[in-house]
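[1] Structure for this input, please:
(chains A, B, C and D)
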2 protein chains.
Amino acid sequence: MICHIDPDNGLPIYEQIIRHVKFAVANGSLIIGEHVPSVRELAVQTAVNVNTVARAYRELQQQGVLNSIRGTGLAVAPAAAEICQQDRLTMIRQRLRSVLKEAVQHQISADEIRKLVDDEWHQLSQKDTTD
Amino acid sequence: MICHIDPDNGLPIYEQIIRHVKFAVANGSLIIGEHVPSVRELAVQTAVNVNTVARAYRELQQQGVLNSIRGTGLAVAPAAAEICQQDRLTMIRQRLRSVLKEAVQHQISADEIRKLVDDEWHQLSQKDTTD
DNA sequence: GCTACTGTAATAGTCAGATATTACAGCGAC
DNA sequence: GTCGCTGTAATATCTGACTATTACAGTAGC
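    Coordinates of the predicted model:
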């Protein structure tokens, strides 16, 4: 599992890890029963502290996405796929709503928003394929 | 000037105030030379600490949006309109980009995003008119 | 049983954002 | 000059996010 952390996207690091795992499960990069990277491994990989990864994993357990097998690691829970697929668009939707709320409040027009979205989307998806 | 603060939109309060003022100048709610609410007044109005408002106003001065007339208050600077109109879409664009970046990274399709945007925009603009 | 790996937890420290409180200097009106 | 407003600044305190470090218990492989 490859996990990019973006320090200035507004979300705390542990929250980004949670979302990464959920998205990975949702799109099949992580299969039920599969082990996620160990806290120490992911901590090194993302240049983040062990506790931060542990916190993310702890919350993922509480949400039923991961199962802990002490001494062995953490595996994707049976119910994870359903949970994560349901969350997939909701996670994006919530952040999107917050941005659009600001736009509406300040009389940005629907046309301007659509233009911004298309514009940014285009740039990002190009950048993504060239990475 | 009416200023809504949303504690859970990810942006710090002082940043939200800065943006509010800029948007207000950009769309003509605040005219050049006009006084913004005093730090104490806005602090009470938004249920926020005086220091937080002061910090926002300080940054707005540094950016050339406000002029301080000590003992009298803070007025919208002559250059403000131009600055704020240029910033108007950029402020939205930056937040939008961060959300879309996450979406692209996790294989959300362009169609899904457009649907989300239209959907959320529709709901928000309805809510906005009924407020 | 030893080693090496797991997760988990406690502790202490740093940093940014925000609060509460107090104080001070400048302007304007009376 | 005094009163009431303005911005500005310093202080202490709180919280959440994050880091660094250490420690401990469980599992697997040898």
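[2] hey, let's count contacts and neighbours off CA atoms from now on
    Will do.
[3] can you list the residues that contact the helix or strand bottoming out on mean pLDDT in chain A?
    Ranked by mean pLDDT, DSSP states H and E, the helix or strand of chain A with the weakest confidence is helix A:110-130, at a mean of 88. The contact list for helix A:110-130, computed with C-alpha atoms under 8 Å, 6 or more residues apart in numbering or on different chains, reads A:Ala103, B:Arg93, B:Leu96, B:Arg97, B:Leu100, B:Lys101, B:Val104, B:Gln105, B:Ala110, B:Trp121.
[4] My read is that the third one contacts A:Leu96, right?
    Yes: B:Leu96 sits in contact with A:Leu96 when judged by C-alpha atoms under 8 Å, with a separation of 7.2 Å.
[5] any idea of the angle the least confident helix or strand of chain A forms with helix B:110-130?
    Computed by axes from the mean of the first three to the mean of the last three C-alpha atoms, to 10 degrees, the angle separating helix A:110-130 from helix B:110-130 equals 150 degrees.
[6] can you pull the buried residues of helix A:110-130?
    Using 16 or more other C-alpha atoms under 10 Å in any protein chain shown as the test for burial, helix A:110-130 gives A:Ala110, A:Ile113, A:Leu116, A:Val117, A:Glu120, A:Trp121, A:Leu124, A:Ser125.
[7] same check, this time on stretch A:62-77
    A:Gly64, A:Val65, A:Leu66, A:Asn67, A:Leu74, A:Ala75, A:Val76, A:Ala77.
[8] Just the buried ones out of the contacts of helix A:110-130, please.
    Buried members of those, counted by 16+ other C-alpha under 10 Å: A:Ala103, B:Arg93, B:Leu96, B:Arg97, B:Leu100, B:Lys101, B:Val104, B:Ala110, B:Trp121.
[9] that older thread, between which two of the contacts of helix A:110-130 is the distance greatest?
    By the measure C-alpha to C-alpha, the contacts of helix A:110-130 have their two most distant members at A:Ala103 and B:Gln105, which lie 23.9 Å apart.
[10] What parts of chain A come near DNA strand C?
    Residues of chain A lying near DNA strand C by C-alpha under 7 Å from any atom of the strand: A:36-41, A:50-51, A:54, A:57-58, A:68-74.
[11] now do 10 Å
    A:35-43, A:49-62, A:66-75 (C-alpha under 10 Å from any atom of the strand).
[12] Tell me which of those fall in strands.
    A:Leu66, A:Asn67, A:Ser68, A:Ile69, A:Gly73, A:Leu74, A:Ala75 (DSSP state E).
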